[in-house]
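Asks: this one's sequence-less:
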C-alpha cells in the first residue's frame, strides 16, 4: 500500500477535510480554527477551502459552543467541536456529560448525537497546573461517550475519520507534543481508510512483559522497550488507541503471553484508565500473572511550572524501565 | 375581537394539561410515579399560548417542568402518562421520566434537568436550521432561576452574535425553587438583559392565552423572517410547589389565593362563554378531556415495564465496539 510521510497535525487535518468534502453536514467550530488557522495549526487552510460557514470561529465560550454542537447534532448535522486544549473542556463538562452522553438514552433512543469533540490533551511544556490536565480519565468513565487517543499520524487520521463517521459522541484526545511528529499514513483508498474504534494495536512484539500505553506515552513505552532490549528484556508494547471502548481482548492476550503488565499514562494515579485496565487484567488473566500490575503515571500533585520538577512529575522512560525491572524481579528462571 | 373557535382548541389544551397533572399528582401520592414531579399548574397559558404561535416544523425545548410544553407540542396523553409511570410505552420508553419528555415526531427536543444546560443546546438547534437554510424557529423555555447561570448568557451571546432563529422564553414564576425573585435577580425583569446582547426583548403577563400567542408570534416572526433572536419574559405563577416534595411555605396562603383568582385556565373558560360558546358545549369538551385522561391512566397502568435489553441500544447508536 502506498504511504506518505506526514505530520500528526496534517493527518488530523486530512481526515477532517476528506470527510467534509464528502458530507456537507460536517462543520468545524472552535476558538481560532478559521482565520487564525488554528492555535496549533491543525485546521490550517481549512477556512480557505470550506469558507466561514463550515469552519467557524467561536468566541471563548466552550460551554456555549459545545452545547451548540450537541443541539446541531440532535437535529441532523455532524459537528466537529475543537477545544483549544482539553483543559478548557472543564467548563463544557456539563454539555458533554449531561447532554451529549445522555440524550440518546433519556429520550428512549429517539435522538442521536453524532458529534466529535477534539483537541490537544495532557501535558505540553511548562504550561503550569491549569493547562496540563490529562482529561481522558474523566470522560472515559461516562457511558454514552467514546474516547480515543492516537499516538501516530496514521492512527490520528484513521481514528479521526472513524470518529466523524460514528453516530455517537466521540472525544479525540490529541497531543500538543505529538503534532509535529511524522509518520507513514496510507493513501486515501476507495471508501476511505479508517481505524476502527475500540481496537488496540501491538506496536512492538515481546515475550517478557506487556507495557500498555496510549497517546504520547506509547512513544515513551517504545523508548523504554528499546532500552530494555539491550538488557535482554523483551517488552511487548500495546498501544490502546481507543480508551472507550477498551480493547481488553488485545491486552489480555498479551499478558497471557508475557505474564507481566506495566501501564503507562499521563494523569493522576487515583482511578483512571490505568486502574480500569488493572481491574480487567486481574479479573481476566489472574492465573497468568507472575507479578503485581504496576502503573507509571503522572505524580499525584498538580503540575508544577518548574521545568525539572515538571519532567519528574510526567512519566519518563527511566521510570518505565524501573517499573518493568520491578515486575521482572519475579522472573522464575 | 378573538373568536370562540380560535380560543376553544387552546382552552382544550390547557384544560387537558391541568387535568393530566392533577391526576399525575394523585398518582405520585399513590406511589405510581417516582423521583421528581414538577407541575405546570398555573402556568398553562404560557406554554400553550407560545406554542400556538409556531408552525409544525418548528422546535421546542424546555426544562424539567415539561409536561405542559410536551402536550402543547402534540404529545399524546397516553405517551406522557406512560412515561411518568416509567413504562415502555412512554414517550422516552420509561428511561427519561417526568423531567425528560422527548417527542422527535413533534419536534419536542426534550425536558432537561440541569438548570440552564439546555439553552446552548437550543441555540444549536437554531444554528442547524440556519446552516441548512430552513425557515424553522426554535422556542426555548427556561425559568427565572436560569438567568444567573452561564448557559443562559453563553447561549444568548452566541445566538445574538450569529443571528440565530430562536426565541428565548423566561417563564418567570417568581420563585427560583423557594427563593423569591428579589433575592435572586438584580433586576425585576429578565428581558432587561436583552439589550446587553443587542437583541430585542419583551415582557408581559401570561394570563391570557391568546395574548401570549399574539405577543410571542411577533418574536417568532422576527426569528423566521429576520433570523434575529428575542428574549421574552413571561410573568406567570405556579400554584403548586417547586416539586411534589415542596410544601411552598415561602409564600403566604393569601398570595396564593390571590393568584388563583387569576387562574389562566378559568380565565380562558370565561372568555369562551363571553365569546358566545355555550356552557353545554364546553361541558361536552370537558367530558371528552376527562375520558382522554382516564384512558391515558388506564393505558399507563396496563402498559409493560421496559426490559433490560433496552439499555444497551439506547446508550450507543450502533455497535459499541468494532
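Replies: Good, I have the coordinates. All values reported here derive from a predicted model rather than from experimental measurement.
Asks: now the phi/psi pair for the spatially closest residue to residue A:101 that is not a sequence neighbour, please.
Replies: Counting by CB to CB, 6 or more residues apart in numbering or on different chains, residue A:144 is the residue found nearest to residue A:101 once chain neighbours are left out, at 3.3 Å. In this view, the C-beta of every residue, glycine as well, is placed from N, C-alpha and C. Dihedral pair for residue A:144: phi 110, psi -20, per degrees, to the nearest 10.
Asks: enumerate the residues of the stretch 1-150 of chain A near chain B.
Replies: With the criterion set to CB under 8 Å from any CB of the partner chain, the stretch 1-150 of chain A comes near chain B through A:27, A:53, A:58-59, A:61, A:63-77, A:91, A:94-95, A:98-99, A:103-112, A:114, A:143-144, A:146.
Asks: try 7 Å
Replies: For the stretch 1-150 of chain A, the contact set with chain B under CB under 7 Å from any CB of the partner chain comprises A:59, A:61, A:63-65, A:67-72, A:74-77, A:94-95, A:98-99, A:104-112, A:143-144.
Asks: can you give me the buried ones in stretch B:159-173?
Replies: Neighbour-count burial for stretch B:159-173 flags B:159-173 (criterion: 16 or more other CB atoms under 10 Å in any protein chain shown).
Asks: end to end on it, go ahead and measure it.
Replies: Start-to-end span of stretch B:159-173 (CA to CA, to the nearest Å) is 24 Å.
Asks: mind listing the strands for chain B?
Replies: With DSSP state E as the definition, chain B shows strands at residue ranges B:59-63, B:108-112, B:138-143, B:166-172, B:175-176, B:179-180, B:201-205, B:230-235.
Asks: mind checking which of those strands is nearest chain A?
Replies: Closest approach to chain A among the strands of chain B (CB to the nearest CB): strand B:108-112, 6.3 Å.
Asks: gap between that closest one and the chain center?
Replies: Put simply, strand B:108-112 sits 9 Å off its chain's centre (CA atoms, centre = their mean, to the nearest Å).
Asks: and the contacts of it?
Replies: Contact with strand B:108-112 is made by A:74, A:107, B:59-64, B:66, B:70, B:73, B:75, B:99-102, B:118, B:125, as judged by CB atoms under 7 Å, 6 or more residues apart in numbering or on different chains.
Asks: mean confidence score for that strand?
Replies: Average pLDDT, strand B:108-112: 98.
Asks: just give me the residue closest to the centre of chain B.
Replies: What sits nearest the mean C-alpha location of chain B, by CA atoms, centre = their mean, is residue B:69, with 3.0 Å.
Asks: isn't that one right up against residue B:60?
Replies: Yes - counting by CB atoms under 7 Å, residue B:60 is a contact partner of residue B:69 at 6.0 Å.
Asks: that older thread, distance to residue A:240 added to the strands of chain B, as TSV?
Replies: As requested, these are exported to TSV (distance: least, CB to CB, whole Å):
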stretch	distance to residue A:240
strand B:59-63	37
strand B:108-112	33
strand B:138-143	40
strand B:166-172	41
strand B:175-176	45
strand B:179-180	48
strand B:201-205	51
strand B:230-235	46
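Asks: okay, now the residue lying closest to residue A:61 once chain neighbours are set aside: neighbour count?
Replies: Leaving aside its chain neighbours, residue A:61 sits nearest to residue B:154 (4.8 Å; criterion: CB to CB, 6+ apart). Residue neighbour count, defined by other CB atoms under 10 Å in any protein chain shown, stands at 26 for residue B:154.
Asks: what does residue A:25 give?
Replies: Applying other CB under 10 Å, we find 16 residues neighbouring residue A:25.
Asks: got a list of what it touches?
Replies: A:76, A:77, A:78.
Asks: give me phi/psi at the last one?
Replies: When quoted as degrees, to the nearest 10, the phi and psi of residue A:78 stand at phi -130, psi 80.
Asks: isn't residue A:163 up against residue A:170?
Replies: Yes - contact status for residue A:163 versus residue A:170: in contact at 3.7 Å, counting by CB under 7 Å.
Asks: looking at the two, which has the bigger crowd around it?
Replies: Set residue A:163 next to residue A:170 and count neighbours by other CB under 10 Å: residue A:163 wins out with 29 against 26.
Asks: which SS class is that one?
Replies: State at residue A:163, reduced to three classes by DSSP: H, G, I helix; E, B strand; the rest coil: helix.
Asks: mind pulling up the pLDDT for it?
Replies: For residue A:163, the model assigns a pLDDT of 98.
Asks: OK, contacts around residue A:239?
Replies: Here residue A:239 is in contact with A:151, A:200, A:201, A:203, A:213, A:214, A:218 (CB under 7 Å, 6+ apart).
Asks: how about 10 Å then?
Replies: By CB atoms under 10 Å, 6 or more residues apart in numbering or on different chains, the contact set of residue A:239 is A:149-152, A:155, A:200-204, A:211-215, A:217-219, A:221-222, A:250.
Asks: please report how far it lies from residue A:221.
Replies: For residue A:239, the distance to residue A:221 (CB to CB, to the nearest Å) stands at 8 Å.
Asks: in terms of pLDDT, where does the residue nearest the centre of chain A sit?
Replies: Closest residue to the average C-alpha location of chain A: residue A:149 at 1.2 Å, with CA atoms, centre = their mean. pLDDT for residue A:149: 98.
Asks: next, give phi and psi for it.
Replies: phi -150, psi 80.
Asks: can I assume it is in contact with residue A:159?
Replies: Yes - between residue A:149 and residue A:159 there is a contact under CB atoms under 10 Å: 8.6 Å.
Asks: pull up the overlap in contacts between the two.
Replies: Counting by CB under 10 Å, 6+ apart, the residues touching both residue A:149 and residue A:159 are A:172, A:173, A:241, A:242.
Asks: ok, now which ones touch the closest residue to residue B:16 other than its chain neighbours?
Replies: In this structure, residue B:16 finds its nearest non-sequential neighbour in residue B:289, 5.1 Å apart by CB to CB, 6+ apart. Taking CB under 10 Å, 6+ apart as the criterion, residue B:289 is in contact with B:11, B:12, B:13, B:15, B:16, B:17, B:18, B:19, B:20, B:77.
Asks: one more time with 8 Å, if that's ok
Replies: Shown in contact with residue B:289 (CB atoms under 8 Å, 6 or more residues apart in numbering or on different chains): B:12, B:15, B:16, B:19.
Asks: and those residues, which is closest to chain A?
Replies: For these, the nearest to chain A is residue B:16 (22.5 Å; CB to the nearest CB).
Asks: what about that closest one, neighbour count?
Replies: Count around residue B:16 with other CB under 10 Å applied: 25.
Asks: now swap in residue A:65 and tell me
Replies: Per other CB under 10 Å, the neighbour tally for residue A:65 reads 28.
Asks: was I right about it contacting residue A:81?
Replies: Yes - between residue A:65 and residue A:81 there is a contact under CB atoms under 8 Å: 6.4 Å.
Asks: common neighbours of those two, please.
Replies: A:29, A:30.
Asks: any stretches of the stretch 101-250 of chain A with poor pLDDT?
Replies: By pLDDT under 70, the low-scoring segments of the stretch 101-250 of chain A are A:188-192.
Asks: the strands in it, which residues?
Replies: For the stretch 101-250 of chain A, the strands defined by DSSP state E, counting those that start in this stretch cover A:116-120, A:146-148, A:170-174, A:182-186, A:201-204, A:209-213, A:235-239, A:242-244.
Asks: so for residue A:298, which of the ones you listed sits nearest?
Replies: Nearest to residue A:298 among those is strand A:209-213; the distance by CB to CB comes to 13.2 Å.
Asks: can you list the strands that the closest one pairs with?
Replies: Strand A:209-213 pairs in its sheet with strand A:235-239 (parallel), strand A:261-264 (parallel), by DSSP bridges.
Asks: centre of the chain to the longest helix anywhere in chain B, how far?
Replies: Secondary structure assigned by DSSP state H gives helix B:4-29 as the longest helix of chain B. Its chain's C-alpha centre and that of helix B:4-29 lie 13 Å apart, by CA atoms, centre = their mean.
Asks: any idea of the mean pLDDT in it?
Replies: What helix B:4-29 shows for mean pLDDT is 98.
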